[in-house]
Structures are given as C-alpha cells and as structure tokens.
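In: sequence and predicted model, in that order:
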Amino acid sequence: MRWDFSLILFILLLLTGVVWAWNKFSLSAKRRQRAREAMSSIPDLPGVDAAEIEKLRKDAYAKAMKMPWWVEYGVSFFPVILFVFILRSFIFEPFRIPSGSMLPTLQNGDFILVNKYEYGIRLPILNTKIIDTGSPERGDVLVFRYPVEPDTDYIKRVVGLPGDVVEYRDKSLYINGNKVSEVRDGDYFEPDHSRYTGKYVEQLGKVKHDILLDKRAPQYYRPIVDFPYRDRCEYFPAGLRCTVPEGNYFVMGDNRDNSQDSRYWGFVPDENIVGRAFLIWMNFGEFGRIGRFQ
C-alpha cells in the first residue's frame, strides 16, 4: 500500500461516504422531525398577521433543516470524489512525464493518460487483479511501479514478453535471436544534454516508433541491484542477454543511451503494472504535442 494520491482519495471517499450515508438514513429524518416540531411550536397569535406567522414558521423550519457544515461538505463532495475515484481507479489515470528517458516519443513535461482496464481490472490501492482483460503487447508504452522503489511510477516500452530471450548487443536489440529492425531517420536535438543524437525508426511487433541512439558512444551494462531472477540474465562487455520469466516483462526506454530500465534493474512483474499510456492530453510548452502516440 502506498501513501499517494490514490490512497488519499480513497480515505476521502470513505469519510464523505460515511457522512453521506449517515445523513441519508438517519440525520435527514431527525432534521425533518425537528423542523416540524419547530414549526408547530409557533402558535397562531391574536393580532398577528397570518402571513407573518407563516413566515416565522418557514424560517424556523429552514433553520432546523440546515445541515452542519461538516455534513453539508460531506454530502456535497461525496458524488464528486466517487466519480473521480472510479475514473482514476478503473478507467483512465493522468500522469506527468518527469524525465527524458522516453524521448523522442514522450518529453519531460508531457501530461499523459493511462488506460487502466486494458490489462485487467485491479483493486484500487492494493493493485490486485480481479478480472483479466488482456496482457501487455510488445511495443506498448507501459506505466508501472518501479520494482526497486514501488512508491515510484515509471514509464517504459515493453520489449520482452514472458518466455522471450532478449539480447541487447552492440546497441542493437535482438528478440528470440531475431534482430529488431531499426532504420536511421536523421538526428534529434536532445534538450537535456544540449546535443544531437541519432534518431531511428524501430519496429516492435505491430508498433513502429522512434528511438534515440548514439551508435558511436560507449555504454556499459551492469545491474544496479540484485533483482529477482537475476540468474536469468547474462552480462558481457558489449551488452546482455535475458530470458524473461513467466508473469514478467522486459522494458526499455526509447532514449536508449539515457534510460534506467530492465537492462539495469531487471524485470517488471505483472502485479506492478498500472496501465498502458496512450494519449498526451496536455503540454503547456508545446500544444502541438497533444494527441495519441505509438
């Protein structure tokens, strides 16, 4: 369980839900009873205009019916919080891209939407799958809980599925012994490093997308933690080779030279999956980026 916005939202939902139910099934009836008693306590007085008596009774009724501030807030906010909770927990959840590890597909500052139901319906907070609706496909952009620090959400691209043999050698990707197609498509200015990097079009399964890669720059691969199924990976000077365990996925960033991913900290277990990213809904610095992506 993580102390994050989802947990805070759940607590608010419980609190406002209790107030809403208490008011609906108990407090409202008591207020109506007190209001009727308040009206009947004002008798007809000789010499007092009937309209004035009626006004006094209505004022007394309205005063007795007025909800305490905490009840009023709970009743008012409960439907809104319930709607937001259902939307974020089971349908779509917004995220903000915090780094350049997915360049050029996603930039630092992109606000994205994540599909929460495509890979299964999960219990909020616990993230336990209760209904299986599908599994990640090769090439999907995946949001997940970082296995090293589960309180942190990461976003990478699915490269290896359960049972796949993934090899990254001399900055080329191989899956089950077959080299993944990559075609040079000019250069890309990388703002985080103020330099141009080679841009390539890569074909992962049915997904064609851009990656950044400097074929000339040296890169060294070694695990930063002793991750589960470490024995499924073999590291060598030019790269690594891993066999993806059942129920796990091998993920990489599109910015291949500047991404901490499965090459360094291992596999993503199914229980860590949050959902599939599919839409940039806002970038305040570049409105033209709004829309779907591969």
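Out: Received, thanks.

In: wait, is residue 166 part of a strand?
Out: Yes: checked against DSSP: H, G, I helix; E, B strand; the rest coil, residue 166 lies within a strand.

In: contact partners for the residue nearest to it when sequence neighbours are not counted?
Out: In space, residue 166 comes closest to residue 160 once its chain neighbours are excluded; the distance is 3.9 Å by CB to CB, 6 or more residues apart in numbering. In this view, the C-beta of every residue, glycine as well, is placed from N, C-alpha and C. By CB atoms under 8 Å, 6 or more residues apart in numbering, residue 160 lies in contact with 138, 166, 175, 242, 244, 249, 250, 251, 262.

In: and those residues, which of them are buried?
Out: 138, 166, 175, 242, 244, 249, 250, 251, 262 (16 or more other CB atoms under 10 Å).

In: in terms of secondary structure, what does the least confident helix or strand in the chain by mean pLDDT contact?
Out: The helix or strand of the chain with the poorest confidence is helix 50-65; it has a mean of 89 (mean pLDDT, DSSP states H and E). Other helices and strands packing on helix 50-65, by 3 or more CB pairs under 8 Å, 6 or more residues apart in numbering; DSSP states H and E, are helix 28-40.

In: mind checking how far the helix it packs on is from the chain centre?
Out: Distance of helix 28-40 from the chain centroid (CA atoms, centre = their mean, to the nearest Å) equals 47 Å.

In: with stretch 183-195 instead?
Out: Taking mean C-alpha positions (CA atoms, centre = their mean), stretch 183-195 and its chain are 28 Å apart.

In: now do stretch 82-99
Out: With CA atoms, centre = their mean, you get 5 Å for stretch 82-99.

In: can you mark which positions in it are buried?
Out: Result for stretch 82-99 [16+ other CB under 10 Å]: buried residues 82, 85, 88, 89, 92, 93, 95, 97, 99.

In: can you give the contact residues for the helix or strand harbouring the first one?
Out: Following DSSP states H and E, the helix or strand that holds residue 82 is helix 69-86. Defining contact as CB under 8 Å, 6+ apart, one finds that helix 69-86 is touched by 9-10, 12-13, 15-20, 22-23, 27, 67, 124.

In: of those residues - the most surrounded one?
Out: Tallying neighbours with other CB atoms under 10 Å puts residue 19 at the head of those, with 22 neighbours.

In: for the spatially most central residue of the chain, what are its contacts?
Out: In the chain, the residue lying closest to the centroid (CA atoms, centre = their mean) is residue 93, at 4.5 Å. By CB under 8 Å, 6+ apart, the contact list for residue 93 reads 113, 114, 116, 274, 275.

In: what number of residues lie near the fourth one?
Out: It refers to residue 274. 20.

In: so it touches residue 141, yeah?
Out: No: Residue 274 is not in contact with residue 141 according to CB atoms under 8 Å; the separation is 11.5 Å.

In: follow-up on the earlier one: chain center to the helix holding residue 82: distance?
Out: That offset, for helix 69-86, works out to 22 Å (CA atoms, centre = their mean).

In: hey, C-alpha coordinates of that helix in CSV?
Out: Only the C-alpha atoms of helix 69-86 are listed here, as CSV (Å, rounded to 0.1, in the frame of the first residue of the first chain):
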residue,chain,number,x,y,z
TRP,A,69,-21.0,22.4,7.8
TRP,A,70,-19.3,19.0,8.0
VAL,A,71,-22.4,17.2,6.9
GLU,A,72,-23.0,19.7,4.1
TYR,A,73,-19.4,19.3,2.8
GLY,A,74,-19.5,15.5,3.1
VAL,A,75,-22.8,15.2,1.2
SER,A,76,-21.7,17.7,-1.5
PHE,A,77,-18.3,16.2,-2.2
PHE,A,78,-19.1,12.5,-2.0
PRO,A,79,-20.5,12.2,-5.5
VAL,A,80,-17.6,14.2,-7.0
ILE,A,81,-15.0,12.1,-5.1
LEU,A,82,-16.8,8.9,-6.1
PHE,A,83,-16.8,9.8,-9.8
VAL,A,84,-13.1,10.8,-9.7
PHE,A,85,-12.1,7.7,-7.8
ILE,A,86,-13.9,5.3,-10.2
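
In: partners of the helix or strand that comes right after that helix, with directions?
Out: Beyond helix 69-86 on the C-terminal side, the first helix or strand identified by DSSP H and E is strand 92-96. Using DSSP bridges, strand 92-96 pairs in its sheet with strand 111-115 (antiparallel).

In: and residue 150, which of the three is it?
Out: Under three-state DSSP, residue 150 comes out as coil.

In: what about it, distance to residue 270?
Out: Distance from residue 150 to residue 270, counting by CB to CB, to the nearest Å: 14 Å.

In: give the buried residues for stretch 117-129.
Out: If you call a residue buried by 16+ other CB under 10 Å, then stretch 117-129 has these buried ones: 117, 118, 119, 120, 122, 124, 127.
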